[in-house]
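Chemist: Quick one, what's the 3D model for this:
(chains A and B)
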2 protein chains.
Amino acid sequence: MITTPVPPRGFPDSEFAARTQRAQKLMSEAALDALLVLTEPDVRYFTGFLTPFWQSPTRPWFVIVPASGKPVAVIPTIGAECMARTWVDDIRTWPAPVPADEGVSLLADTLIEVTGGSGRVGLPMGPETALRMSLNDFNKLSKLIDPLQFVDASPVMQPLRMIKSEPEIDKVRYICGVMSGVFEGLPDHLSMGMSEVEIFKTFKSLSLEAGADDVAFLVGGLGEGGYADIISPPSARQSRPGDILILDTGATFDGYFCDFDRNYAFGEPDDAAKRAHDVVYRATEAGLATARPGVTCAELFGAMQRVMDEGGAMGNDVGRLGHGLGMQLTEWPSNMPSDMTVLEPGMVITLEPGMTFAEGKVMVHEENIVIRDGAPELLSRRAPADMPVIG
Amino acid sequence: MITTPVPPRGFPDSEFAARTQRAQKLMSEAALDALLVLTEPDVRYFTGFLTPFWQSPTRPWFVIVPASGKPVAVIPTIGAECMARTWVDDIRTWPAPVPADEGVSLLADTLIEVTGGSGRVGLPMGPETALRMSLNDFNKLSKLIDPLQFVDASPVMQPLRMIKSEPEIDKVRYICGVMSGVFEGLPDHLSMGMSEVEIFKTFKSLSLEAGADDVAFLVGGLGEGGYADIISPPSARQSRPGDILILDTGATFDGYFCDFDRNYAFGEPDDAAKRAHDVVYRATEAGLATARPGVTCAELFGAMQRVMDEGGAMGNDVGRLGHGLGMQLTEWPSNMPSDMTVLEPGMVITLEPGMTFAEGKVMVHEENIVIRDGAPELLSRRAPADMPVIG
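Modeler: Coordinates of the predicted model:
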């Protein structure tokens, strides 16, 4: 078993200061007088506030990045103790839940104070964002801060979060290493006849034992000669000779995700499945050979897709061949023809070639890498060239 | 060990037909020509679509409930296979991700087709909701469907989802039973000196073994004579004599949550902690004696708060003494003075009396119940009147 030293939890204050300064530079270029963020990863990015309490949709959470100085937190009282342990000094609270005024007037007052009451407040409104507050309250807020205007801050947040710091990469590398070990050891724990539900439970328990904080995401399943669907939860279906199993997991360490999959055969796989596995394996190799600074995500897509086209691919329902990852299971950019993002050192992405190789049969590979000067660094340990055989 | 039979996974189509018909009756009363839902629980409520794939923020998902007939799904191609296994027949897809038109024109066309192109489309915009699509795309959509207007559908969704069906209650009862067993057996697996991280890992592994699908939510921690913060993730701090431990968990079975906590003492607890535990235990008893159809959540709050006031409570940062639960860890209503929701049979709620009993020391109890004609049914097994002592 390969073991990696466990990286420290959390980050030094200097990490958050550097993120904030990079944000403020981009904000200044975009003529933003403040930046407002509402979502778990964006709030955590600027503060280090880490809690599973976001599972409760009851309370909104607000963090303002001013044009200069530290972020200001406007949050429910229940989070004050936890936020006080971060580097944030200015913490303003209301005793949520208060549906009649769920932090809206406190937030409006704070935005006006921080900006002087006029100008542009950035709020991420672009692709892959959501508004984590009620639309009614957002409309109320917009009126309260007038003449302050909300404008789209996605052009600030995307480039900011796409480039990871070395301490961030350390966390992703660690969870990728832990889960590589779990995948490598898995055949010893599987046997013919186990159901999808049993396989998933076994995998989750092994992951916790091996050092994952959580297995927030686990999908996949069994299929005769190949699987059809890669987003469903496990069923009671039992494994049989000739089945192919895929497990695709996003496990976490200290709030950072891995996201990769592995394929297994129950009994000797048939030729079509073996061939398909070989094609996506080679497509991944092409991705590894192409992922260099200066290359676009569209070009990276092209390099992988060419191998699959030559290998008889009949399309792909996923819509892309990999994506960014970090604080979220999936982040910008996307490896697809329309994404002109230029790869830069420090970007953490997945290479995820997948293809339909027969009616209702899909084969998907996935590895996690960080873009470096020269060749990328593999964060997951490379999948075996041939599917491990169980039973 | 007490074991409950495992309820069937999923629901019969009749469950979704009944939900849709109840929705359509409320929609008609609210003069809505269609209902649009975007979030994981709302989409699942009408379709049965269950997948952890929502962890990826990349793709929006849309379900339309027309004035009559079955729901219509407008979803990314990657979800078509999984959605086709539900009772929904009309599934329209686009090959997401396509940031330039992320399902927006397809959704607009479908809304216009379903409504005839004029009238009111309900969208939940009230307390505890979020907009799970980008604000830019929502603004685009609003223009595309004009003269159709979006109006707030929270007054439809809240009463609809607050009353649970018996098959829904079966799932909550099952996960409550599983986790009651885990809490009851936990002292056998804990020992003096274990860290919070180790305790959390042990708890999660035991939960999976016992029958939980996932432990999506686990918070709590140790504190000398009492804990201060109930939303933080675990730290490396080791347990010592005199510590009080709280674990508060939202584990799931087939997409339904339990949400309750338990307290433990490392070594003999001091008198203040014992007294506080006794007060919140008795406050829960008062809640159980008060939770009857026709009683308001405000009255239920009052019954529990009175016991804590008499017991020397110094306030509470949580802002309420329990809440609804089901497909989400927390749902409407809230047990608090401003919530005038009248309890009805079929509502599943938590009783969660908590209080600060000394500077920086909190004690919280929690049980899960379903409102019945007469006395409520306990879904969690009642916590012991005295804290179990470890070591």
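Chemist: Just list the residues touching A:Ser154, thanks.
Modeler: A:124-127, A:129 (C-beta atoms under 8 Å, 6 or more residues apart in numbering or on different chains). In this view, the C-beta of every residue, glycine as well, is placed from N, C-alpha and C.
Chemist: For chain B, tell me which of those residues show up nearby.
Modeler: Intersecting these with the surroundings of chain B, defined as C-beta under 8 Å from any C-beta of the partner chain, gives A:125-127, A:129.
Chemist: quick one: what helix or strand has A:His277 in it?
Modeler: Assigned by DSSP states H and E, A:His277 belongs to helix A:271-290.
Chemist: So what touches that helix?
Modeler: Contacts to helix A:271-290, defined as C-beta under 8 Å, 6+ apart, come from residues A:225-226, A:244, A:263, A:265, A:269, A:299-300, A:303-308, A:311-313, A:321-322, A:335, A:351, A:353-355, A:357-358, A:361, A:363-365, A:367, A:369, A:375-376, A:378, A:383, A:385-387.
Chemist: Stretch A:83-102 too?
Modeler: Contacts of stretch A:83-102 from elsewhere in the structure, counted by C-beta under 8 Å, 6+ apart, are A:13, A:16-17, A:47-49, A:58-60, A:63, A:70-80, A:103, A:106, A:110, A:133-134, A:137, B:126-128, B:232, B:317, B:319-320, B:334, B:336, B:338.
Chemist: How about stretch A:336-343?
Modeler: The contact list for stretch A:336-343 (C-beta under 8 Å, 6+ apart) reads A:162, A:291-298, A:300-302, A:319-321, A:332-333, A:349, A:371, B:97-100.
Chemist: Tell me how many other residues crowd A:Ser68.
Modeler: Burial of A:Ser68 is recorded as 10 neighbouring residues (other C-beta atoms under 10 Å in any protein chain shown).
Chemist: Return the distance of the closest residue in space to it that isn't next to it in sequence relative to A:Val63.
Modeler: Among residues not flanking A:Ser68 along the chain, A:Gln24 sits closest, at 6.2 Å (C-beta to C-beta, 6 or more residues apart in numbering or on different chains). To A:Val63, A:Gln24 is 14 Å away according to C-beta to C-beta, to the nearest Å.
Chemist: So between these two, which is more surrounded?
Modeler: Just comparing A:Gln24 and A:Val63: by other C-beta under 10 Å the higher neighbour count belongs to A:Val63, 23 against 18.
Chemist: Confirm that A:Lys201 sits in a strand.
Modeler: No - note on A:Lys201: no strand contains this position according to DSSP: H, G, I helix; E, B strand; the rest coil, which reports helix.
Chemist: Next, the contact list for the nearest residue to it once chain neighbours are set aside, please.
Modeler: Of all residues not flanking A:Lys201 in the chain, B:Leu208 sits nearest, at 5.5 Å (C-beta to C-beta, 6+ apart). In this structure, B:Leu208 makes contact with A:201, A:204-205, A:208, B:214-215, judged by C-beta under 8 Å, 6+ apart.
Chemist: B:Leu208 is in what secondary structure piece?
Modeler: Taking DSSP H and E as the criterion, the element that holds B:Leu208 is helix B:196-210.
Chemist: That helix vs helix A:196-210, what angle?
Modeler: Taking axes from the mean of the first three to the mean of the last three C-alpha atoms, to 10 degrees, one finds that helix B:196-210 is oriented at 160 degrees with respect to helix A:196-210.
Chemist: Just the C-alpha atoms of helix B:196-210, please, in CSV.
Modeler: Taking C-alpha atoms only, helix B:196-210 is exported to CSV below (Å, rounded to 0.1, in the frame of the first residue of the first chain):
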residue,chain,number,x,y,z
GLU,B,196,-13.3,14.1,17.1
VAL,B,197,-12.0,13.0,13.7
GLU,B,198,-11.8,9.4,14.9
ILE,B,199,-15.3,9.6,16.6
PHE,B,200,-16.9,10.9,13.4
LYS,B,201,-15.3,8.2,11.2
THR,B,202,-16.4,5.5,13.6
PHE,B,203,-19.9,6.9,13.7
LYS,B,204,-20.1,7.0,9.9
SER,B,205,-18.8,3.5,9.4
LEU,B,206,-21.2,2.1,12.0
SER,B,207,-24.1,4.0,10.2
LEU,B,208,-23.3,2.5,6.8
GLU,B,209,-23.0,-1.0,8.4
ALA,B,210,-26.4,-0.6,10.2
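Chemist: same question for it, mean pLDDT?
Modeler: What helix B:196-210 shows for mean pLDDT is 95.
Chemist: circling back to that earlier point, mind checking the SS state of the residue nearest to A:Ser68?
Modeler: Under the three-state scheme (three-state DSSP), A:Gln24 adopts helix.
Chemist: just checking, it touches A:Lys70?
Modeler: No - shown here, A:Gln24 and A:Lys70 do not form a contact pair, counting by C-beta atoms under 8 Å, at 10.6 Å.
Chemist: what stretches of the stretch 51-200 of chain A score poorly on pLDDT?
Modeler: Counting by pLDDT under 70, the stretch 51-200 of chain A contains no low-confidence residues.
Chemist: Quick one: name the residues of it near chain B.
Modeler: Within reach of chain B by C-beta under 8 Å from any C-beta, the stretch 51-200 of chain A has these residues: A:51-53, A:55-58, A:76-82, A:85, A:95-100, A:102, A:123, A:125-136, A:138, A:152.
Chemist: Quick one, which of those are buried?
Modeler: Buried by 16 or more other C-beta atoms under 10 Å in any protein chain shown: A:51-53, A:55-58, A:76-79, A:81-82, A:95-99, A:102, A:123, A:125-136, A:138, A:152, out of these.
Chemist: Against which helices or strands is the helix or strand harbouring A:Met179 packed?
Modeler: In this assignment (DSSP H and E), A:Met179 forms part of helix A:166-185. Judged by 3 or more C-beta pairs under 8 Å, 6 or more residues apart in numbering or on different chains; DSSP states H and E, helix A:166-185 is in contact with helix A:196-210, strand A:243-253, strand A:256-257, strand A:260-266, strand A:348-351, strand A:367-370.
Chemist: deepest of those, which one?
Modeler: With neighbours defined as mean count of other C-beta atoms under 10 Å in any protein chain shown, the helices and strands packed on helix A:166-185 peak in mean count at strand A:348-351, which reaches a mean of 28.
Chemist: coming back round to it: with distance to B:Val6 as extra columns, can I get the helices and strands packed on helix A:166-185 in JSON lines?
Modeler: Conversion of the helices and strands packed on helix A:166-185 to JSON lines gives the following (distance: least, C-beta to C-beta, whole Å):
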{"stretch": "helix A:196-210", "distance to B:Val6": "10"}
{"stretch": "strand A:243-253", "distance to B:Val6": "23"}
{"stretch": "strand A:256-257", "distance to B:Val6": "30"}
{"stretch": "strand A:260-266", "distance to B:Val6": "25"}
{"stretch": "strand A:348-351", "distance to B:Val6": "35"}
{"stretch": "strand A:367-370", "distance to B:Val6": "35"}
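Chemist: Would you tell me which of these gets closest to A:Gly220?
Modeler: Evaluated with C-beta to C-beta, the helices and strands packed on helix A:166-185 place strand A:243-253 nearest to A:Gly220, the distance being 4.2 Å.
Chemist: tell me the angle of the closest one relative to helix A:166-185?
Modeler: Taking the same axes, to 10 degrees, one finds that strand A:243-253 is oriented at 150 degrees with respect to helix A:166-185.
Chemist: Show me how far strand A:243-253 is from its chain's centre.
Modeler: Here strand A:243-253 is found 14 Å from its chain centre; the criterion is C-alpha atoms, centre = their mean, to the nearest Å.
Chemist: same deal with stretch A:363-378?
Modeler: Averaging C-alpha coordinates over stretch A:363-378 and over its chain gives two centres that are 15 Å apart (C-alpha atoms, centre = their mean).
Chemist: Counting neighbours, which bits of that stretch end up buried?
Modeler: Residues of stretch A:363-378 classed as buried by neighbour count (16+ other C-beta under 10 Å): A:363-371, A:376, A:378.
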